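Asker: sequence plus predicted model, see below.
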Amino acid sequence: MLEILSDRLGKVFRLLSSKGKLGEKDIDEALRQVRLALLEADVNFKVVKNFTTRVRERSLGAEVQQSLTPAQQIIKIVNEELIATLGGEQSRLTPSPRLPSVVMLVGLQGSGKTTTAAKLALHLKHSGQRPLLVAADNRRPAAIEQLVILGKQLDIPVYSEASDTPSRDICAHALARAKALAATWVIVDTAGRLHIDEAMMAELTQVKRELEPDETLLVVDAMTGQDAVRMAEEFHSRVNLTGLILTKMDGDARGGAALSIRWVSGVPIKFIGIGEKTDAFEPFHPDRLASRILGMGDVLTFIEKAETTFDEQQAKELQKKVQTASFDLSDFLSQLRAVKKMGPVAQLVEMLPGVSQLARRLPEGTEEKHLEKVEAIILSMTLEERRDPGIIGGSRRRRIARGSGTTAQDVNQLLSQFHQMQKLMKIGVKGKLPRNLMGMFR
């Protein structure tokens, strides 16, 4: 996400940090590089001009000139202005005082609208809500079937009718169904087009009149760059949007739409899609994205992912094993799998301060391949070997290597690392260090 921009800004700030007191020329040269980096990331030129002007005014002020660490003060200013450009504070869904609350999703074909409807429903379900999905996209042949399949996979009810039923009628019947099911949220997947036209806007206006939605959210592909910004402006002027959902944020190395769309359209970003899986979906936090862009990580999101992945009871059992020095390779394997459930390793690494820059230097997929290799080695061991790795001699190592498609050296490396981990855990018991992954996230 925004890797090119992050790398370019990192170089600018490292250059500033290498200097002592900063003069006006130093600041102007740094901001010239920042401006080029933003434009290269496909940020709207008006946004770039406004942003760099604000940063320059503050950088030439007393807070920087009188600081003992002027470079750090400029980074702080850039971070604060990035947050302001992205919207300042998190914008949440606004529920209706009378249930059910209604979310109407709009957008063009290909933006990921139907999948996003399922992702949003799953997000609400995880937060204790009772969502109902409504398949009101009768234009795209597979949209209704796709939503029904996703609903079954996620155990979320879906209301659908024949594709020749008018969308307005589908929505009216869906609201009645939602009340019968005592649903707290109704998420409506409306029809899209390949481009904005009068027929689509007229239909969306009718549907909105029937639904009276609490939220009208535009689903937009972040990879479309400035077209995404123009699309948001057009939809907002016609159907009065309350928020945006940016999809495919994981696949766009430039991602300037994220930095432009809030400032230009005036509509807040409420969620971002960060992958194809239905759980690859996050509430949008301006401060967290700004922190990622500047290479400062995003520890809060990392913690939230960990808390939803790790089972509390399993963590307590694991803690007992560590305290009694009975933590074995089977326990290590279960922890490894739990980490993998949190999401792609590359995304997790991006959230850790200072680690993201190192990870970018590694070949793509290196972290995933390493975890897969470790898992294969442990799975090639017998239960006895996992409980007591000390019995693994030369012949056993060669057998494990053959079974896992690795080398004896790989097996040796894993056993050595595990031995070191056990030593650290024994120290942790005496020194009261975190004894399990859950403990580290508290």
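Answerer: The structure has been received and is ready for your questions.

Asker: any weak-confidence spans in the stretch 151-300 of the chain?
Answerer: Residues of the stretch 151-300 of the chain meeting the criterion pLDDT under 70: 251-255, 295-300.

Asker: try it again with 50
Answerer: Low-confidence segments of the stretch 151-300 of the chain (pLDDT under 50): 253.

Asker: for it, which segments count as helices?
Answerer: Ranges of helices in the stretch 151-300 of the chain, per DSSP state H, counting those that start in this stretch, are 167-181, 198-211, 226-239, 256-265, 286-293, 299-309.

Asker: need those helices in a markdown table (columns: distance to residue 395).
Answerer: For glycine as for every other residue, the C-beta is placed from the backbone atoms N, C-alpha and C. Formatted as a markdown table, these follow (distance: least, CB to CB, whole Å):
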| stretch | distance to residue 395 |
| --- | --- |
| helix 167-181 | 62 |
| helix 198-211 | 69 |
| helix 226-239 | 60 |
| helix 256-265 | 55 |
| helix 286-293 | 48 |
| helix 299-309 | 38 |
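
Asker: so which of these is the most packed in?
Answerer: Counting by mean count of other CB atoms under 10 Å, helix 256-265 has the highest mean neighbour count of these, with a mean of 25.

Asker: using PDB, write out every CA atom in that one.
Answerer: Taking C-alpha atoms only, helix 256-265 is exported to PDB below (Å, rounded to 0.1, in the frame of the first residue of the first chain):
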ATOM      1  CA  GLY A 256      -2.900   8.700  -4.700                       C
ATOM      2  CA  ALA A 257      -6.700   8.400  -4.700                       C
ATOM      3  CA  ALA A 258      -6.700   7.700  -1.000                       C
ATOM      4  CA  LEU A 259      -4.900  11.000  -0.400                       C
ATOM      5  CA  SER A 260      -7.000  13.000  -2.900                       C
ATOM      6  CA  ILE A 261     -10.500  11.700  -2.700                       C
ATOM      7  CA  ARG A 262     -11.400  12.900   0.800                       C
ATOM      8  CA  TRP A 263     -10.000  16.400   0.300                       C
ATOM      9  CA  VAL A 264     -11.500  16.900  -3.200                       C
ATOM     10  CA  SER A 265     -14.900  15.300  -2.800                       C
END
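
Asker: which residues sit in contact with the closest residue to residue 177 other than its chain neighbours?
Answerer: Using CB to CB, 6 or more residues apart in numbering and skipping the chain neighbours, the partner closest in space to residue 177 is residue 159 (5.0 Å). With contact set as CB atoms under 8 Å, 6 or more residues apart in numbering, residue 159 has these partners: 132-135, 170, 173-174, 177-178.

Asker: so residue 136 is in contact with residue 174, correct?
Answerer: Yes - assessed by CB atoms under 8 Å, residue 136 is found in contact with residue 174 at 7.4 Å.

Asker: shared neighbours of these two, anything?
Answerer: Common neighbours of residue 136 and residue 174, counting by CB under 8 Å, 6+ apart, are residue 188.

Asker: of the helices of the stretch 151-300 of the chain, which is nearest residue 334?
Answerer: helix 299-309 (11.9 Å; CB to CB).

Asker: circling back: among the helices of the stretch 151-300 of the chain, which is nearest residue 38?
Answerer: With distances scored as CB to CB, the stretch of the helices of the stretch 151-300 of the chain nearest to residue 38 is helix 256-265 (7.2 Å).

Asker: relative orientation of that closest one and helix 226-239 in degrees?
Answerer: Per axes from the mean of the first three to the mean of the last three CA atoms, to 10 degrees, the angle that helix 256-265 makes with helix 226-239 is 30 degrees.

Asker: by contact count, what packs against helix 256-265?
Answerer: Packing partners of helix 256-265 (3 or more CB pairs under 8 Å, 6 or more residues apart in numbering; DSSP states H and E): helix 45-59, helix 70-85, helix 226-239, strand 243-247, strand 269-273.

Asker: can I get the ones you listed in TSV with distance to residue 370?
Answerer: Shown next, in TSV, are these (distance: least, CB to CB, whole Å):
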stretch	distance to residue 370
helix 45-59	39
helix 70-85	32
helix 226-239	35
strand 243-247	29
strand 269-273	27
